[in-house]
Structure formats: C-alpha cells, structure tokens
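Novice: need the 3D shape of this:
(one chain, ligands or ions: 1)
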Amino acid sequence: MFNITESMIRLYLFWGGIIFFLILELLIPYRSSSVSKPKRWINNLALTLFNSIVINLVFSAAIVGTATYAQTHKLGVLNMVQAPVWIKILFTVVFMDFILYVWHFLNHEMPLLWRFHRLHHSDLNMDVSTATRFHIGELAISAVIKISLIFFLGASPVGVLLFESAVVLCAQFHHSSLQVPKWFETVFWVFFVPPSMHRIHHSVIIKERDTNYGTIFSLWDRFLGTLLSDVDQTRIRIGVGAYRKPEKLNFHQLLAMPFTRPIR
Ligand SMILES: [Zn+2]
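Specialist: As a prediction, this is how the structure comes out:
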C-alpha cells in the first residue's frame, strides 16, 4: 500500500514541481535564453522520460523495498539507537544530503565519473528542465550507492521519501532561471542552496564549476571549503567549454557522451 501512495506522491511532486517552476520562469525569468528553449526542453524531457522509465523499472522498488526490509527487521545504525522517530527522520535527510554532496564532489574529481556527469553540465542554459538532465549511467551508480546507504542506516521509508522529495524540489528550484528577491537569496543561502549559488556551479570556468556541490543544504560547502559566492552573476556563462554547439547536443549524442573523448 505504501508503495502505491509513495509512487503517487513522487509523481505529483516531480511533475507538479516542473510545471510550477516553469510557470514562474515564464513570468519572472532571471535572464532571456541564449539558445532555443524548446530544443533544449525536447532533449531534457526525452532524457527525463527515458531515465524515469529505467529507474522506475529497475531501482524504485529496490529503494523502497530496502527501506521497508531494514525497518521490519530492525537493521542498520538508526535501529540500534533509541531516539524519537522525528530525530531519526531528520538525521536521515541530513546525512543522505551529506553523502550526496560527497558523491557530487567525486563526480567532478574522478575522470570516469565526470564522463557521465558532464552531460548535466553541458546544458547551455539553466532552467527547471536542467534539474533532471542526467545520464542514466550516473543515476544507476547513484541508485546503488543510495540503496547501500539506506541499508547501512536502516533508514525508514518515510525518511527516504522525505529526503528524495526534498532533493527533487530543491534541485528544481536551484536550477530554475528565476528572478529571486535579493533578501530571500541572502537568507536562504545561510542554510540552503539558492539559484545564484548553483548558477556558479554551472559556470564554464572550471575553478567556479568545481565549487558549490550542495543539493539541499549549503552547510557542507561552507564547512568543507568548497563554497564560492564572490562571483559577478551577470557574466556567468553556463555550460562546458568543449560543448558550445547546440546542434551537437541532441538526445543520442548526450547518451553517447560518456563514451567519447575525455574533456575537462
Ligand atoms: Zn556538478
């Protein structure tokens, strides 16, 4: 029963978030597109649909199943300690976000992982559709890591659902091309990742790109020295230096990208 309700919540949040931020982007865009938005959307949505089908068929049941199994059999670190349920759920969200930070850092630092992750960064503009522009290879490896982590933690299905929902909505928000009030960005940036922080991460300049790895919380970047804020936002060019031609960034070329020449 939880499986059906849980997958409906995921589905509504995911598509609801995309539609919500798309409408906001059309009403209050951060800046106008430099390349065709419909063409980018066709590729990004094709990837999103393809990834959703594969992930749903192969991994979603395993993720929820692992959390349910760990909870029923009292497995994992969280089942060894006595603490209120809400503290365990909060710990699950915070700790899994930290591991996601480490995973994202490794995607930039390890050449093999960067081969896959560069697809995400090759988008020539950033908007809500960029949030789900990933190579299936990256998502598959990350799903295996996530399943192992859930097993190790003994994370509950509710904790995992909350973490994944927060990741989806935060990623959609900070990839969006939105005019966000300055005061909101300043306050939000203390704990979380606003669009301006993640825009720096999508810069073509490598030393700017290799910063700001956070997804939900900005705290990991702040504590571990990877935070960069002092950048003139108006001059940030989005993308990867080696991929500047939109006609070479179509769906089939994006899928083949990890298996082509190495680039930084
Ligand atoms: Zn990245």
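Novice: quick one: residues contacting the closest residue to D123 other than its chain neighbours.
Specialist: Leaving aside its sequence neighbours, D123 sits nearest to T130 (CB to CB, 6 or more residues apart in numbering; 4.7 Å). C-beta coordinates here come from the backbone N, C-alpha and C atoms, glycine included. T130 makes contact with 44, 120, 123, 175, 202 under the criterion CB atoms under 8 Å, 6 or more residues apart in numbering.
Novice: can you get me a residue count around the fourth one?
Specialist: One way to gauge burial is a neighbour count; for H175, by other CB atoms under 10 Å, it gives 24.
Novice: just to revisit the earlier point, filter the contacts of T130 down to the ones in helices?
Specialist: 44, 120, 175 (DSSP state H).
Novice: residue most distant from the centroid, this structure?
Specialist: Q82 (31.8 Å; CA atoms, centre = their mean).
Novice: buried sites along stretch 228-240?
Specialist: 228, 231, 236, 238-240 (16 or more other CB atoms under 10 Å).
Novice: what of stretch 74-91?
Specialist: 75-76, 78, 88-89, 91.
Novice: quick check: the farthest pair among the residues you listed?
Specialist: L75 and I89 (16.8 Å; CB to CB).
Novice: hang on, L75 in a helix?
Specialist: No: per DSSP: H, G, I helix; E, B strand; the rest coil, L75 lies outside any helix segment and is coil.
Novice: please read off the pLDDT at it from the model.
Specialist: With respect to pLDDT, L75 scores 92.
Novice: got a list of what it touches?
Specialist: Neighbour list for L75: 69, 151, 154 [criterion: CB under 8 Å, 6+ apart].
Novice: kindly report the same for S122.
Specialist: By CB under 8 Å, 6+ apart, the contact list for S122 reads 239-240, 243, 249, 254, 257.
Novice: any regions of the chain where pLDDT drops low?
Specialist: For the chain, the stretches with pLDDT under 70 are 1-3.
Novice: related to what we said a few turns ago, columns distance to V167 on top of the ones in helices among the contacts of T130, output as TSV?
Specialist: What follows is these, written out as TSV (distance: CB to CB, whole Å):
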residue	distance to V167
N44	18
H120	14
H175	12
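Novice: between the contacts of S122, which is nearest P38?
Specialist: For the contacts of S122, the nearest to P38 is L249 (13.8 Å; CB to CB).
Novice: which residues are in contact with the closest one?
Specialist: 43, 122, 124, 243.
Novice: ok, so of the residues you listed, who is nearest W220?
Specialist: S122 (24.7 Å).
Novice: buried set for the strand or helix carrying V144?
Specialist: Assigned by DSSP states H and E, V144 falls within helix 136-153. Neighbour-count burial for helix 136-153 flags 136-139, 141-143, 146-147, 149-150, 153 (criterion: 16+ other CB under 10 Å).
Novice: and that helix, how far out from the chain middle?
Specialist: 14 Å (CA atoms, centre = their mean, to the nearest Å).
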